[in-house]
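Visitor: Sequence plus the predicted model coming up.
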Amino acid sequence: MIVINCSFISETTDMKDFYKVLCDEGFVEGSRKDKGNVMYDFYISADDSKKMMLIEKWETLEDLQAHSETELFQKFRPTCKEHSVKTRLAMYEE
């Protein structure tokens, strides 16, 4: 199993608003439907509304790679940039 921890940080964007954008644009539902997705859950910081964590779990590295090549995923980084959100990833095998 492949696990991705993705931190979202912004100086200006409230993560509740950004999460809504991700949902409205289909990122959340679409990613959860991708082959091999086991978990795709977001957690907004209780102490800082401008921080959020995404935990993803994928059955195989191949499933994760296929996900990252989807048309929807290609729109992810531009959406983050448009909303002044920076990301940091950590990946490991479980």
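Guide: Everything's here; your move.
Visitor: I'd like to know how many residues surround T13.
Guide: Number of residues near T13 (other Cβ atoms under 10 Å) recorded here: 19. Where C-beta positions appear, they are placed from N, C-alpha and C, glycine not excepted.
Visitor: Wait, a helix at it?
Guide: No. Secondary structure assignment (DSSP: H, G, I helix; E, B strand; the rest coil) places T13 in coil, not in a helix.
Visitor: show me what contacts it?
Guide: Listed by Cβ atoms under 8 Å, 6 or more residues apart in numbering, the contact set of T13 reads K50, H83, S84, V85.
Visitor: residues making contact with the lowest-mean-pLDDT helix or strand in the chain?
Guide: Taking mean pLDDT, DSSP states H and E as the measure, helix 71-74 is the helix or strand of the chain with the lowest mean score, a mean of 93. When contacts are defined by Cβ under 8 Å, 6+ apart, helix 71-74 is touched by residues G26, F27, G30, S31, H67.
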